[in-house]
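Novice: Attaching a predicted model along with its sequence, questions to come.
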Amino acid sequence: GSGFSFRNPVHFNSLSDPESRDMYHETSEVIDSLFYHPSHPPFLAMRLIQRFGISNPSPRFIERVATAYSTGLYSQISTGEYGDLGALVAAILLDDESRQVVLDADPLFGQLREPLVKVIAFFRSMGIQYKLPLHMPTLLSTESLIGQGSYESPSVFSFFLPEFAPSVGAIQSAG
């Protein structure tokens, strides 16, 4: 033979073997219990609303989106089945709370930007131009100035945790 071996060899489960069959069914039951848990729809609704741009959604908005996910019904977009992501996304995008222009003036509405994204948005708004395509500022030494350096986010998901609220201001006082 050769000196090579697989670190994780291929393993085929036999459903006729009682232990493998039980493992398959137990894994399926664990996934089902997580999927049908009562906290799953509100949790998923909250996280997706935050990813679609509203950092501090109202409890009523979360409830409407979670209900759309649970029932599979929202307006004309529906399958009527539990776990309908189409109804969930439609509820987020088509709900009055995410579309009202009047909410743009509300300091509690919108999404909190991380420090580096704010700086880049400022540069874009000022119409920054680069003389050479490969000569762009790196912003590598900005951590002491703005609190975040390039490529220095504490997590791959976001600079802020989903439950983050500023220590002072209207969002913190609102709870």
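Specialist: Great, that's in hand.
Novice: Next, count neighbours for residue 89.
Specialist: The local packing of residue 89 (other CB atoms under 10 Å) involves 17 other residues. Using the backbone N, CA and C atoms, a C-beta is placed for each residue, glycine as well.
Novice: where's it, which helix or strand?
Specialist: Residue 89 belongs to helix 85-94 when elements are defined using DSSP states H and E.
Novice: Which strands and helices lie in contact with that helix?
Specialist: With contacts taken as 3 or more CB pairs under 8 Å, 6 or more residues apart in numbering; DSSP states H and E, helix 85-94 sits against helix 40-51, helix 59-71, strand 73-74, strand 77-78.
Novice: Looking at the ones you listed, which is nearest to residue 28?
Specialist: Closest of the helices and strands packed on helix 85-94 to residue 28 is helix 40-51, at 16.3 Å (criterion: CB to CB).
Novice: if we can go back for a sec, got the angle between the helix holding residue 89 and helix 40-51?
Specialist: 40 degrees (axes from the mean of the first three to the mean of the last three CA atoms, to 10 degrees).
Novice: Residues touching the very next helix or strand once past helix 85-94, excluding its own?
Specialist: Scanning forward in sequence from helix 85-94 by DSSP H and E, the next helix or strand is helix 96-99. Contact with helix 96-99 is made by 49, 52-54, 57-58, 60-61, 92-93, 103, as judged by CB atoms under 8 Å, 6 or more residues apart in numbering.
Novice: what about 6 Å?
Specialist: With contact meaning CB atoms under 6 Å, 6 or more residues apart in numbering, helix 96-99 is reached by residue 61.
Novice: ok, and for that helix, which residues are buried?
Specialist: Residues of helix 96-99 classed as buried: 97-98 (neighbour count, 16 or more other CB atoms under 10 Å).
Novice: What residues of whatever helix or strand comes next after that helix count as buried?
Specialist: Next in sequence after helix 96-99, counting helices and strands by DSSP H and E, comes helix 115-125. Buried residues in helix 115-125, counted by 16+ other CB under 10 Å: 116, 119.
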